[in-house]
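A.B. asks: Everything below, folded, please.
(chains A and B)
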2 protein chains.
Amino acid sequence: MSHSSDALDRFYSVIPAGGIGSRLWPLSRADAPKFLHDLTGSGQTLLRATWDRLAPLAGDQRIMVVTGRAHRAAVEEQLPELADLNVVLESEPRDSSAAIGLAAAILERREPGVIIGSFAADHVIKGPAAFRQAVVEAIAAADTGLIVTIGIQPTEPAIGFGYIKTGGPLDIDGAPSAQSVNSFVEKPSPATAKRYLSSGQYLWNAGMFIARADRLLEEIGASEPELLAGLLELAEAWDTPRRGAVVDQVWPKLKKIAIDYSVAEPAAVKGKLAVIPGQFDWDDVGDFASIAKIHANGRKRDLAILGEGARVLADSSSGIVVSHTKRMIALIGVDDIVVVDTPDALLVTTSANAQKVKAVVDALRLSGSSDVL
Amino acid sequence: MSHSSDALDRFYSVIPAGGIGSRLWPLSRADAPKFLHDLTGSGQTLLRATWDRLAPLAGDQRIMVVTGRAHRAAVEEQLPELADLNVVLESEPRDSSAAIGLAAAILERREPGVIIGSFAADHVIKGPAAFRQAVVEAIAAADTGLIVTIGIQPTEPAIGFGYIKTGGPLDIDGAPSAQSVNSFVEKPSPATAKRYLSSGQYLWNAGMFIARADRLLEEIGASEPELLAGLLELAEAWDTPRRGAVVDQVWPKLKKIAIDYSVAEPAAVKGKLAVIPGQFDWDDVGDFASIAKIHANGRKRDLAILGEGARVLADSSSGIVVSHTKRMIALIGVDDIVVVDTPDALLVTTSANAQKVKAVVDALRLSGSSDVL
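C.D. replies: Below is the predicted model:
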């Protein structure tokens, strides 16, 4: 048995299924978050597609889902194979360091030496075999003690994603494409994004992290010692009758911080971060423009229609219609339009304004219209 | 008593309440035609506003409404003052010559020498006093045997209306502003419309006709003798127990022809048509662009919102929203947009495309979607 296949045996997937996806309102809601929707027209929710992509790696019994208490029933309906032991429920959202860190702490207690990989529940990936190939390389690299991310080879100068600046190739057994990471950079301007693309040195940050659980916890402890202490306290009580009491006491006090800041960026600074360039299509489906793009398949002036039993009559129109009612929707002469039709709320905007949807959600909350959020 | 006040005593208003208003779909429907909507935000339906404009002329008892059998209840609910004697029900639409001609024939039998004025149920007029002043002049001119129309002084080079080319002033007692009509012209091109406006010789054709009933019938008989024969047969039976049988037999066979073609244009050719220039704001509210214009009050980049209890959140958007549901409607960055939200159908278009709505309605009919028409 090679070193890397041995590492794969110790692999455990973690799916944080948390974010509502405010930029996809009124489709995504508190009670119907983004990961519970089929945004690709595949017939599968994003969560289910994520599961199906991960299950071949280490099997159904080695996937843990971290989600809110309110979503437990919906998650279990989507994932009948999900074992009770692998359900971690948050009483309230505490951001990704707490969510992934708790999974790491629980799994490390149960199974010292475990390697975990964290993959968002609400991203879209085309090319599952290439995805798994990248994960297998990432596992091999993680087994050496590195924190590993999978970066996506950019296909266009996107300004909606963060980027990873690569350093040089690393020489890791079982991970031939691993590279060192020079730095993480925030979402760029259009001009900077073009420069990134043409340089060939940058990858999109897809928020996928693979690491030995002990190493991940070590990094959290180095940057956020109180957070680590809380996570260890939770993990110690987790598989005991004390779980509920400790969760109630500890969880609400955990610092809210993204894992990019508590783990990835500090590790990059210390030269402890590696990246595997992923040779597959990826999108975080962050807004309706991105859904329209996925459906247009690169063609301009197409109209994408989502929703079972949608009734749409379009004349000289392009963009995207999401129909969650059975109403007749007629479009005439509207380009790059975004129409999202749900029983209690309607959104009309354009692809160019898709990022502003979150601001509308904030305005609705402030104006006391939370019945439609 | 002057000649003209005597003529006013013989005046009877006729309101043909027929057209669905397909360009206002999905607001206007077979079962909710345009005249039953409040398109101005006044709180009144267009039909009710028409009644209130006409009632001061000759009183509630001298207004006749010609409408479809299906709309009887809705019309009577809008117009509780409407006498049974003044309700003329069409078993099916046969266009304006039949509708107005039948009213003329019935009224002439009941009251020889009656002067009728026909006014659409679904136009918008601002300045009711100036409107009535024009009608009073028109009545005086009609009493001399002329067919009289009220033309609207153009305020812009509109391409959505037909025009009336005026001849010279006429010397009519009680109708000092009456002019002869040179010809009717169809909706012009933008360049032609500009020429019409600057010439000062053209008025908008608002489809208002005032005439002695005997003269109107005479003109119908001259151009459409069979139609006249049918109308006289109907009128003879109207106030008798034979009405139903004769209507069933005669009405469905009447020629469908607009009164512009059967009466107004032939009368103009014969020098028998006069026009009173109306010094009031008028609009036929033919499409959503015209509704938006009425509400914008000349201001650009405004968002007009129609609909009781409408919930609209707009960010950098202009145009018009018609809300006939209680749904939250959010608009972001859409200009000159038209959004019409009804329980079973949604329209999204722009002011520039407002005229194309009728084509969509035709397409829906052809595709078997008449449930939403």
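
A.B. asks: Who does A:V88 form a beta bridge with?
C.D. replies: A:V66 (DSSP bridges).

A.B. asks: Does it touch A:A104 like I think?
C.D. replies: No. A:V88 is beyond contact range of A:A104, at 10.8 Å (criterion: CB atoms under 8 Å). C-beta here means a position set from N, CA and C on the backbone, and glycine is covered the same way.

A.B. asks: Between these two, which is the more surrounded one?
C.D. replies: More crowded of A:V88 and A:A104, by other CB atoms under 10 Å in any protein chain shown: A:A104, with 28 against 19.

A.B. asks: Just give the nearest non-adjacent residue to that one, would you?
C.D. replies: Computed as CB to CB, 6 or more residues apart in numbering or on different chains, the closest residue to A:A104 that is not its neighbour in sequence is A:A213, at 4.1 Å.

A.B. asks: which residues of the stretch 151-300 of chain A score low on pLDDT?
C.D. replies: Along the stretch 151-300 of chain A, the model assigns pLDDT under 70 to residues A:297-300.

A.B. asks: Against A:E156, how distant is the residue of it found nearest chain B?
C.D. replies: As assessed by CB to the nearest CB, chain B sits closest to A:F288 within the stretch 151-300 of chain A, at 10.3 Å. As judged by CB to CB, to the nearest Å, A:F288 and A:E156 stand 18 Å apart.

A.B. asks: cool, A:L57 as well?
C.D. replies: 29 Å.

A.B. asks: So those two - more neighbours on which side?
C.D. replies: Remark: of A:L57 and A:E156, A:L57 carries more neighbours, 18 against 10, as counted by other CB under 10 Å.

A.B. asks: Go ahead and confirm the more buried one touches A:L8.
C.D. replies: Yes. With contact defined as CB under 8 Å, A:L57 counts as touching A:L8 (7.2 Å).

A.B. asks: List the residues that are in contact with both of those two.
C.D. replies: Here A:L57 and A:L8 share the contacting residues A:V136, scored by CB atoms under 8 Å, 6 or more residues apart in numbering or on different chains.

A.B. asks: thinking again about what came up before, wait, what's in contact with the residue nearest to A:A104?
C.D. replies: Neighbour list for A:A213: A:104-105, A:107-108, A:114-116 [criterion: CB under 8 Å, 6+ apart].

A.B. asks: Kindly reformat those residues as CSV containing secondary structure.
C.D. replies: Converted to CSV, those look like this (DSSP: H, G, I helix; E, B strand; the rest coil):
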residue, secondary structure
A:A104, helix
A:A105, helix
A:L107, helix
A:E108, helix
A:V114, coil
A:I115, strand
A:I116, strand
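
A.B. asks: Which strand residues bridge A:T149?
C.D. replies: Taking DSSP bridges as the rule, A:T149 bridges to A:F209, A:V275.

A.B. asks: Which helix or strand contains the residue nearest the centre of chain A?
C.D. replies: The centroid of chain A falls nearest to A:A120 when counting by CA atoms, centre = their mean (2.4 Å). A:A120 belongs to no helix or strand when assigned by DSSP states H and E.

A.B. asks: Okay, it and B:W25: tell me how far apart.
C.D. replies: 43 Å.

A.B. asks: What of A:E224?
C.D. replies: 59 Å.

A.B. asks: Show me which of these two is the more surrounded one.
C.D. replies: Neighbours were counted for A:E224 and for B:W25 using other CB under 10 Å; B:W25 has more, 25 against 22.

A.B. asks: Now for that one: which residues touch it?
C.D. replies: B:W25 touches B:340, B:345, B:347, B:357-358, B:360-361, B:373, counting by CB under 8 Å, 6+ apart.

A.B. asks: Check which helix or strand A:L82 maps to.
C.D. replies: A:L82 belongs to no helix or strand, assigned by DSSP H and E.

A.B. asks: isn't it right up against A:V75?
C.D. replies: Yes. Here A:L82 reaches A:V75: they are 7.1 Å apart, a contact under CB under 8 Å.

A.B. asks: pretty sure A:Q201 is touching A:T166, no?
C.D. replies: Yes. The criterion here is CB under 8 Å, and A:Q201 meets it with A:T166 at 5.5 Å.

A.B. asks: In terms of neighbours, single out the busier of the two.
C.D. replies: Between A:Q201 and A:T166, counting by other CB under 10 Å, A:T166 is the more crowded of the two (20 against 15).

A.B. asks: which residues does the more buried one bridge with?
C.D. replies: Bridge pairing for A:T166 (DSSP bridges) gives the partners A:V181.
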